[in-house]
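> how would this look folded up:
(2 chains)
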Number of protein chains: 2
Amino acid sequence: MSRPSPSPNAAPERAPDVLPLVPIHDHGRQRADAVRNRARVLDAAMRVAARHGAGNLTMDAVAAEASVGKGTVFRHFGDRTGLLTALLDRAERALQEGFLSGPPPLGPGAEPRLRLTAFGSAVLRHEQEHLDLYIAAVTDPHRRFTVPAHHVRHTHVAMLVRQLDPCVDAELLAHTLLGFLDTALTNHLLRLRGMDLPRLEAGWADLVTRLCP
Amino acid sequence: MSRPSPSPNAAPERAPDVLPLVPIHDHGRQRADAVRNRARVLDAAMRVAARHGAGNLTMDAVAAEASVGKGTVFRHFGDRTGLLTALLDRAERALQEGFLSGPPPLGPGAEPRLRLTAFGSAVLRHEQEHLDLYIAAVTDPHRRFTVPAHHVRHTHVAMLVRQLDPCVDAELLAHTLLGFLDTALTNHLLRLRGMDLPRLEAGWADLVTRLCP
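Residues are numbered from 1 along each chain as shown, chains lettered A, B, ... in the order given. Next up is the predicted model:
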C-alpha cells in the first residue's frame, strides 16, 4: 500500500522550510511524528481489514500489525468505531475527489442534473466495492448524519439541488436523496430483497428526474 | 393502563367457548397463560419506560416491576432489543389503526395523494410523541428494515404509490419516502439542525407532490 496523505482531521504537518525556535521546532517534530504514527496505524488497519474483513477488525490485531502498543491505537482513534470511521473517511476520499474535482459528468463541468445522476451511481458502486467497511463503520444509526463523510456528500448534493431549483428546501431534499443511498438500505435491498445494482441506479435516476423536474 | 391485546407475533389465545379434549385443553391453557404473562411483562416495561425513559430501561427493572424472574423476561423477549421492539410494535399499533382503518384522509376513503400526505404527518407526530422509545429501539441500522413496523408502513406506502402511478417502481419509491421519515434522520434535523415539525411536514408534502405528480 502506498504512503497515504494524512487525514483532514489530523494536525497539519509543519512545512519543512520554516526554521522556528527550538521549543517550537520540537513541538513541530512531535506533531509530524504523531501524524506519521497515525497514518502507520491506519495503514495497518487497512491491511487487517483487507485480510479478515472490516467487521472482524480488532484493536489488538491492528496494534500487532502496526508493531505499536494497543494504547497507541486507542490514543489516535479513541475506540474501534473511531478507527473504522477513519478507515471509512480514507475510502471516502477517493469518491470525494471524483465528485468534487474529477472529470464530468461526476465532477464539475456537466449540468447539475447529469452530475446528480452520476453522483448516485458513483456512491452505489463505491459502497459496493467497500461494503464490509461501510457496514462495519455504521453501527449507530444516529451517527450516520454526523460523520464527516455524510456532511461532504450532503453539502455537494444540496448545492446541485439548489442549482436545479433555487426555490426548493435544498437541505431537506438533499437528505431525501441521500436516504436512497443509505448503506443499510441499499444493502437490505441488494442482499435481502433480491434487487440488483442496475435497478437501484435506474431508481436513482428516476428519483432525480421526479424530484428536480 | 388498560389490558392490551396480545402482540400479533404471539400465539393466539384459544377461544373460551371451545371445549377440547383434556391434553389439548391443557396446552391451550398453557398458551393462554404465556400470552397473559407476556402482556403483563410488556405492561410493566411500559410503566418502567414511562418513569425512567426507554433509553434507561433494564431487564432487571422490568422483571422487578412485573414481579417475575429475570429469566421470564428473557424467555418472552430474547433480549433488551427484543423487548424494546415489542414496546415499539405496541406503540406502532395505534398509528397502524389510523392509516389502515381510521377516518380519512389518513384512513381509507380519501384519494391516494391526500392519504400519503396525511401519512407523513401522522408518522412524524406519532414518533415525536414516543421519541425516546423509537430512538432506544433502533440501535442497529440494519434492523430498521426488518422490524414488523417498518414492513407494515412500507406495504401501505407502496400501495398508495401504486394507486397514484401503476408504472413506477413503487417498492423503491416507498423506501425513498420512508427514508424521509426515518427516526434517526428526523431526530437529527429537529434536535441538531434546528428544524421544526411544520418544516418537516411541508417538506413531506412537497416530496409527495414531486414524487407523484
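
> how about the longest helix along chain A: buried residues?
Assignment by DSSP state H gives helix A:22-52 as the longest helix of chain A. Within helix A:22-52, the residues scored as buried using 16 or more other C-beta atoms under 10 Å in any protein chain shown are A:28, A:32, A:34-35, A:37-46, A:48-49. In short, each C-beta sits where N, CA and C put it, glycine included.

> state whether A:P103 is indeed within a helix.
No. Counting by DSSP: H, G, I helix; E, B strand; the rest coil, A:P103 is not part of a helix but coil.

> quick one, what contacts it?
By C-beta atoms under 8 Å, 6 or more residues apart in numbering or on different chains, the contact list for A:P103 reads A:G109.

> check it and give its pLDDT.
A:P103 carries a pLDDT value of 97.

> all strands in chain A, in order from the N-terminus.
Remark: no strands are assigned in chain A by DSSP state E.

> ok, now how distant is the closest residue to A:A158 other than its chain neighbours from A:D182?
Among residues not flanking A:A158 along the chain, A:A174 sits closest, at 3.9 Å (C-beta to C-beta, 6 or more residues apart in numbering or on different chains). Distance, A:A174 to A:D182, by C-beta to C-beta, to the nearest Å: 13 Å.

> please parse chain A into its domains.
Listed by automatic domain parsing, the domain ranges of chain A are A:22-77, A:80-211.

> thinking again about what came up before, burial count for the residue nearest to A:A158?
Residues near A:A174, counting by other C-beta atoms under 10 Å in any protein chain shown, number 23.

> not counting its neighbours along the chain, what's nearest A:V147?
Of all residues not flanking A:V147 in the chain, A:T85 sits nearest, at 5.9 Å (C-beta to C-beta, 6+ apart).

> all helices for chain A, in order.
A:22-52, A:59-66, A:70-77, A:80-101, A:112-129, A:131-137, A:148-164, A:170-180, A:183-187, A:197-211.

> any idea which of the ones you listed gets closest to B:G109?
Taking C-beta to C-beta, helix A:197-211 is the member of the helices of chain A nearest to B:G109, at 26.7 Å.

> so A:L200 sits against A:L189, correct?
Yes. Taking contacts as C-beta atoms under 8 Å, A:L200 lies within contact range of A:L189: 6.6 Å.

> could you pull out the residues contacting both of those two?
B:L172.

> how many neighbouring residues does A:A91 have?
By other C-beta under 10 Å, the residues close to A:A91 number 20.

> let me know the pLDDT of it.
At A:A91, the model reports a pLDDT of 90.

> so where's chain A uncertain?
Applying pLDDT under 70 to chain A picks out residues A:1-27.

> change it to 90
Counting by pLDDT under 90, chain A contains low-confidence ranges at A:1-35, A:81, A:85, A:88-90, A:131, A:134-149, A:183-184, A:211-213.

> nearest residue to the residue in it positioned nearest to chain B other than its sequence neighbours?
Closest approach between chain A and chain B, counting by C-beta to the nearest C-beta: A:G179, at 2.9 Å. The shortest distance from A:G179 to any non-neighbouring residue, by C-beta to C-beta, 6+ apart, is to B:G179 (2.9 Å).

> who's in contact with the one you found?
For B:G179, the contact set (C-beta under 8 Å, 6+ apart) comprises A:T176, A:G179, A:F180, A:D182, A:L185, B:L185.

> try 10 Å this time
By C-beta atoms under 10 Å, 6 or more residues apart in numbering or on different chains, B:G179 lies in contact with A:H175, A:T176, A:L177, A:L178, A:G179, A:F180, A:L181, A:D182, A:L185, B:R144, B:L185, B:L207.

> same check, this time on A:H142
Neighbour list for A:H142: B:I135, B:V138, B:T139, B:P141, B:T183, B:A184, B:L185, B:N187, B:H188, B:R191, B:L192 [criterion: C-beta under 10 Å, 6+ apart].
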